[in-house]
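> Kindly generate the corresponding structure for this input.
(one chain, ligands or ions: 2)
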Amino acid sequence: MFMGTLWSRIKEGLSSVWYENEPECCLCGENPGPICLNCENVYFHPELGRCYSCGKLISLELDYCQDCLRNKGPESLTRVWAWGHYSGDWKKFIWEVKFKAQPRRLIQIRRPLSQWVMGHLPPVDGIVPVPMHPDRLAERGFNQAEVIASLLKWEFGLPLIKGLERKKLTVPQIQLTRWDRMQNLENVFAVKEPQSFWGLSLWLVDDVITTGSTMEACARTLLENGARHVYGLSLAAGAEKGLVPYRK
Ligand SMILES: [Zn+2]
Ligand SMILES: [Zn+2]
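Ligands and ions are numbered 1, 2, ... in the order given. Next up is the predicted model:
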């Protein structure tokens, strides 16, 4: 009841502050932004669905991608959403945020991201970023997942719930086979204080979802520590083969 009222207030608040001075598109730099209509169609595909299990862009009539139907995808997450297709200017944007140390650029996309989140994800009690190992954090200076989660915190007025930690430095999942990925993530995540997550529904936020195994490992840890539902949310994911032309 309370969440319902709060949710409609948040929706009203958001729509009233939506249109301000529009900068140029942060992806193509050509048309009015923050993300122009052309880039929205090319990278964000409102006409497509998202695999419930791994977030991959799929045909709107389907619930799961071929991979998740075959191998069984993540199981602990109630559902997963990815905003855009990880290719072209969108991939470049995310890459530059991370590896050229430009976390501030994420501020440019906070409004269209929030609008999309509002239209797709269920209301929750709080937001949890996928954590980074302290060594990697020291190296990069920021955790992009935490920056995205903070933007959503401000836009929605939801608490950012800290305390999920990454205990081990792992090799990137993309380099591993499916079995090795599961081994690689064994006991990697832990929570500081279990009571922080007890009974809560959460958005688990990351920048890119590739196999879904990192989010799955985080979600499992959160559920083991009493979380009620964990919904995955990422800026980008791949697409089912042949569905979307991949852009360099
Ligand atoms: Zn554009
Ligand atoms: Zn899938």
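> Now do residue 122 against residue 202, distance only.
11 Å (Cβ to Cβ, to the nearest Å). Where you see a C-beta, it was placed from the backbone N, CA and C, and this is true even at glycine.
> What of residue 163?
Remark: distance between residue 163 and residue 202 (Cβ to Cβ) = 12 Å.
> More neighbours: those two, which one.
Neighbours per residue (other Cβ atoms under 10 Å) separate residue 163 from residue 202, with residue 202 holding more: 26 against 16.
> pretty sure that one contacts residue 232?
No. With contact defined as Cβ atoms under 8 Å, residue 202 does not count as touching residue 232 (9.8 Å).
> Around ligand 1, which positions in this structure sit nearby?
With the criterion set to Cβ under 5 Å from the ion, the chain comes near ligand 1 through 25, 27, 28, 36, 39.
> Among those residues, which are located in helices?
residue 39 (DSSP state H).
> re the thing from before, kindly point out which residues are neighbours of both of residue 122 and residue 202.
residue 231 (Cβ atoms under 8 Å, 6 or more residues apart in numbering).
> residue boundaries of the strands in this protein?
For the chain, the strands defined by DSSP state E occupy 49-50, 57-58, 79-85, 126-129, 164-166, 189-191, 201-208, 229-237.
> what would those look like in TSV with mean pLDDT?
Formatted as TSV, these follow (pLDDT from 0 to 100):
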stretch	mean pLDDT
strand 49-50	97
strand 57-58	97
strand 79-85	97
strand 126-129	98
strand 164-166	97
strand 189-191	96
strand 201-208	98
strand 229-237	98
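> Enumerate the residues of the protein near ligand 2.
51, 53, 54, 56, 65, 68, 73.
> try 8 Å
51-56, 58, 64-69, 73, 80, 212 (Cβ under 8 Å from the ion).
> Which one among those sits at the bottom for pLDDT?
Within the residues of the chain next to ligand 2, pLDDT reaches its minimum at residue 73, with 70.
> what stretches of this structure score poorly on pLDDT?
For the chain, applying pLDDT under 70 flags the ranges 1-22, 72, 173-174, 178-179.
> For it, which segments are assigned as helices?
Going by DSSP H, the chain shows helices at 2-16, 37-39, 66-71, 88-99, 110-120, 134-140, 144-156, 178-184, 213-224.
> Could you tell me which residues within the third one count as buried?
It refers to helix 66-71. 67, 68 (16 or more other Cβ atoms under 10 Å).
> Identify all contacting residues around that helix.
51, 52, 53, 54, 56, 73, 74, 178, 240, 241.
> change it to 7 Å
51, 53, 54, 73, 178, 240 (Cβ atoms under 7 Å, 6 or more residues apart in numbering).
> Of the strands of the chain, which is nearest residue 138?
strand 164-166 (12.7 Å; Cβ to Cβ).
> returning to what we had before: going through the residues of the chain next to ligand 2, which ones are buried?
Applying 16+ other Cβ under 10 Å to the residues of the chain next to ligand 2 flags 51-56, 58, 64-65, 67-68, 73, 80, 212 as buried.
> Noted, bye for now.
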